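Novice: 3D model of this:
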Amino acid sequence: ALQGTVSGVYALQKSGQPGADGAVINIRGVGTLNNSDPLVLIDGFPGSMSDVDASDISSISVLKDAASASIYGNRAANGVVLVTTKKGALGKVKLSYNGYFGVNGWAQYPDMLSGEDYMQVRREAARTGGQWNSTADDQKLFTVEEWQAIQNGEWTDWIDEVLHTGLVQSHQVTASGGTEKTTAMLSAGYYQEKGSFKNDKMDKYNLRMNIEHKLGKTVKVGATTQITHYAQDERAENVLWRAATNAPLGKAYDEDGKVVEYPLGKNGQVSPLVDEASEVAARHHVLKTNLIANGYLDFTPIEGLTFRSNLGTNYAFYRKQDFEGAGSIDRLGQNSTSLSKIKSSEKSFVNWDNIISYNKTVKDHTFGATALTSWTQSKYTSVNAQGEGQLVDSYLWHNLGANDKSSYVIGSDYIQHQTFSYALRFNYSYKGRYMLTVSNRWDGDSRLSKGNKWASFPSVAAAWRVSDEAFLKNVEALSNLKLRLSWGKTGNSGIMA
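Specialist: Okay, here's the model as predicted:
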C-alpha cells in the first residue's frame, strides 16, 4: 500500500517465504544501523502492520521529516507510520466479506545450465587454466561419478525440482453498526500462503474489535482488541542455495521413487531434496500469537479543550520448534546424529499516554497547544533447550529428554526496561496561509547510565500556503502550493539493555 504511493518511502517484501515478517520499510533511506524500521502506530499504539488485515485499515499517514516525527522522541529516528483502522458506523449492523484466491511462486529465477551448455562452461574454465584443449580432454574435467552421469544422460535441473507453484487465499468477514451512543466493529479473518517449497506454508488467524461509547456530551470511551495467531512450517535456509550450486547431474529419485541423498556419490554434494525424503527428515515449526488490548477516554469539558488518556498493552508469544534428522540437509555428511531444539519467548509492552490539548480561533488567528506524558514498560523472557541423538525420529522436538544427555544445551534470558516522556507543542496559523509549529519532547530510559538517562528532541517548522495568495488566485493550473521549512531532532531507542 505504501510502495509507489508516498514519496521518499521504500517498501518491499523482505522474503518470498510464507510468514516472512512483513515488508522492509525505509523512510528517506536507512536512518540507523542494525534496525532501520520506522515506528508503526496502529490507532496510536505501537504494533506491526502484518498483524492488521488490509481490509481493516482506514488510512495510513507517514511522518518523514524530523520536525513532524520528533514529537515521538527516541523512537522516531527512522520515521513514523500512522495506521488508522476502521471504526463502527452509525446504523443497522452491516455484514461484509472480502476474499480472494491466487497462485504464488513464479519467481524470476535464472535458468540453470544443463547438457552441452554446462559442459561448455566447464571447458572454458579449464581452457583458461591450461587444462583443456579439445573434447578429448573432457573426461579430465569431471569426477568419475559426474562423467558416468554424463554418459548416461542423467541431467537434473535442481531449481525445477525444489520450486513449486504456491497458493494463497484470504477470507475476511466484518460486522459493523451502532447507535447514537455506541458504535462497534468486529472482524475475523483467515489467511493461508503455501510457498514455493514443499512443506513451506503459513496459516494466519485474526480477530479484531473496535468499540466506542459516549457517556453524555463530554465523555467518550473506547477500546480496541486484536488477536493474531500464526502457525508456520518452514524449510531449511540453504535449500535454494544448494539447488543453484549443485552440479546439474545425477538422479533426483531412484527406481522406487525415493530421494537420492547423494546424486553423485558420497564424494559429491547433498541433494537439495533430502528434507523431503520423509515426514520426519526435517521439520521447522513456528507458532506466534500477538494480543493487543487498548482502551481510551476522551473528556471535553469546554469547547476547544480536550483531555485524552490511552492505556494499552501488547503481548507477544513466540515458539520455534526444530528437528533435523541425521539425514537432513543441514546434518547429512557433517553430523552423524539428529538435532532437536525448542525456543520459546514472551514479550509484554505496556503504554500509558495522557494528552491535553487546547485549540482557539480568534478571527483570522488559530492557536493550538498540546502537552503529553507517556510511560512504557517492556519485558522480555526466553528459554531455549536442545539435544542431539533423538531416540526415535518421530519424537521430533516433543521429547528432548530422549536425546543424548551429554549433548544438552539449555539457556534463558530476561530483559526489562521502562521509559518516561513528556512533550509540549504549540501551533499558530493565520488564515490557514502562514503556519508555525514549535515542539519539544523529553525522553528518559532506564537502560541508560546515570547522568545520561534523559534527552530532548526539539523541532520547529514554518509553512506558507502560496496558492492562497492573491497573485495566484487566478492560476487555474495550480490548485495547491505549499512551502515548508523544518528542523528537528529525533532519537534511536534501538539499544541493548
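Novice: gap between stretch 279-286 and the chain center?
Specialist: Relative to its parent chain, stretch 279-286 has a centroid offset of 23 Å by CA atoms, centre = their mean, to the nearest Å.
Novice: show me the contact partners of that stretch.
Specialist: Here stretch 279-286 makes contact (CB atoms under 8 Å, 6 or more residues apart in numbering) with 19, 230-236, 274-275, 318-325, 327-330, 393-394, 396-397. Using the backbone N, CA and C atoms, a C-beta is placed for each residue, glycine as well.
Novice: residues of that stretch that come out buried?
Specialist: 280-286 (16 or more other CB atoms under 10 Å).
Novice: now, which of these lie within helices?
Specialist: Among the buried residues of stretch 279-286, none falls in helices (DSSP state H).
Novice: put the alpha carbons of stretch 56-71 into CSV.
Specialist: The C-alpha trace of stretch 56-71 is given here as CSV (Å, rounded to 0.1, in the frame of the first residue of the first chain):
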residue,chain,number,x,y,z
ASP,A,56,-9.4,-3.3,8.3
ILE,A,57,-7.3,-0.2,7.5
SER,A,58,-9.0,3.1,7.1
SER,A,59,-5.9,5.3,6.4
ILE,A,60,-2.1,5.4,6.5
SER,A,61,0.0,8.5,7.1
VAL,A,62,3.7,8.8,7.1
LEU,A,63,5.8,11.3,9.1
LYS,A,64,9.1,11.7,7.2
ASP,A,65,10.9,14.8,8.3
ALA,A,66,12.4,15.3,11.8
ALA,A,67,10.2,18.2,12.7
SER,A,68,6.9,16.1,12.4
ALA,A,69,8.4,12.9,13.8
SER,A,70,10.3,14.5,16.8
ILE,A,71,7.2,14.6,18.9
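Novice: now the residue located most distally from the centre of the chain, what's its secondary structure?
Specialist: Distance from the C-alpha centroid of the chain, by CA atoms, centre = their mean, peaks at Ala136 (55.0 Å). Following DSSP: H, G, I helix; E, B strand; the rest coil, we place Ala136 in the helix state.
Novice: thinking again about what came up before, filter the contacts of stretch 279-286 down to the buried ones, PyMOL style.
Specialist: Of the contacts of stretch 279-286, the buried ones go into a single PyMOL selection, burial set by 16+ other CB under 10 Å:
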select buried, resi 19+230+231+232+233+234+235+236+274+275+318+320+321+322+323+324+325+327+328+329+330+393+396+397
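Novice: returning to what we had before: could you measure from the residue farthest from the centre of the chain over to Arg123?
Specialist: Ala136 sits 11 Å away from Arg123, taking CB to CB, to the nearest Å as the criterion.
Novice: how much space between Asn78 and Glu346?
Specialist: For Asn78, the distance to Glu346 equals 26 Å [CB to CB].
Novice: which of those two has more neighbours?
Specialist: Asn78 (23 against 15; other CB atoms under 10 Å).
Novice: helix, strand, or coil at the more buried one?
Specialist: Three-state call for Asn78 (three-state DSSP): coil.
Novice: please report phi then psi for it.
Specialist: Here is the backbone geometry of Asn78 (degrees, to the nearest 10): phi -110, psi 20.
Novice: kindly report the same for the one 10 residues further on.
Specialist: Here is the backbone geometry of Gly88 (degrees, to the nearest 10): phi -70, psi 150.
Novice: can you tell me the SS state at Ile159?
Specialist: helix.
Novice: so what's the residue count around it?
Specialist: Close neighbours of Ile159, defined as other CB under 10 Å, add up to 18.
Novice: contacts only, for it.
Specialist: Remark: with contacts taken as CB under 8 Å, 6+ apart, Ile159 is in contact with 109, 112, 240, 243-244.
Novice: from those residues, which two are the most distant?
Specialist: Greatest spacing in these, by CB to CB: Met112 and Leu240 (11.7 Å).
Novice: more neighbours: which of these two?
Specialist: Each of Met112 and Leu240 has its neighbours counted (other CB under 10 Å); Leu240 has more, 20 against 17.
Novice: run through who's touching the helix or strand encompassing the more buried one.
Specialist: Element membership for Leu240, per DSSP states H and E: helix 239-245. Applying CB under 8 Å, 6+ apart, the set of residues contacting helix 239-245 from outside is 112, 158-159, 161-163, 197, 269-272, 275, 329.
Novice: just the buried residues of it, please?
Specialist: 239-240, 242-243.
Novice: equivalent analysis for stretch 54-66, please.
Specialist: 55-56, 62-66.
Novice: try stretch 261-268
Specialist: Buried-residue list, stretch 261-268, by 16+ other CB under 10 Å: 261-264, 268.
Novice: so which of the residues you listed is the closest to Trp375?
Specialist: Using CB to CB, Glu261 is the member of those that lies nearest Trp375, at 57.2 Å.
Novice: would you confirm that that closest one contacts Leu332?
Specialist: Yes. Between Glu261 and Leu332 there is a contact at 6.3 Å, judged by CB atoms under 8 Å.
Novice: what do these two both touch?
Specialist: By CB under 8 Å, 6+ apart, the residues touching both Glu261 and Leu332 are 270, 274.
Novice: dump stretch 350-358 to CSV, keeping only the CA atoms.
Specialist: C-alpha atoms of stretch 350-358 as CSV (Å, rounded to 0.1, in the frame of the first residue of the first chain):
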residue,chain,number,x,y,z
VAL,A,350,2.5,-1.5,28.4
ASN,A,351,2.0,2.0,27.2
TRP,A,352,0.1,4.8,29.1
ASP,A,353,-0.3,8.2,27.5
ASN,A,354,-2.1,11.3,28.8
ILE,A,355,-2.7,14.1,26.4
ILE,A,356,-4.3,17.5,26.9
SER,A,357,-4.8,19.9,24.0
TYR,A,358,-6.4,23.3,23.5
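Novice: chain center to that stretch: distance?
Specialist: 27 Å.
Novice: quick one: contacts of that stretch?
Specialist: Residues from elsewhere that reach stretch 350-358, judged by CB under 8 Å, 6+ apart: 44-46, 304-314, 368-378.
Novice: if we go to 7 Å?
Specialist: By CB atoms under 7 Å, 6 or more residues apart in numbering, the residues outside stretch 350-358 that reach it are 45-46, 304-313, 368-377.
Novice: buried ones in that stretch, by neighbour count?
Specialist: Neighbour-count burial for stretch 350-358, counted by 16+ other CB under 10 Å, picks out 351, 353-355, 357.
Novice: kindly report the same for stretch 369-385.
Specialist: By neighbour count on 16+ other CB under 10 Å, the buried set for stretch 369-385 is 370, 372, 374-378, 380, 385.
Novice: alpha carbons of it, in CSV - could you do that?
Specialist: C-alpha atoms of stretch 369-385 as CSV (Å, rounded to 0.1, in the frame of the first residue of the first chain):
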residue,chain,number,x,y,z
ALA,A,369,-1.2,23.9,22.4
THR,A,370,-0.7,20.2,23.4
ALA,A,371,1.0,18.7,26.4
LEU,A,372,1.5,15.0,27.0
THR,A,373,3.1,12.4,29.3
SER,A,374,4.0,8.9,28.3
TRP,A,375,5.1,5.8,30.3
THR,A,376,6.1,2.5,28.8
GLN,A,377,7.3,-0.8,30.3
SER,A,378,8.8,-3.6,28.3
LYS,A,379,9.5,-7.1,29.5
TYR,A,380,11.1,-10.0,27.5
THR,A,381,11.7,-13.5,28.7
SER,A,382,13.0,-16.5,26.7
VAL,A,383,14.1,-20.1,27.3
ASN,A,384,15.8,-22.5,24.9
ALA,A,385,16.8,-26.1,25.0
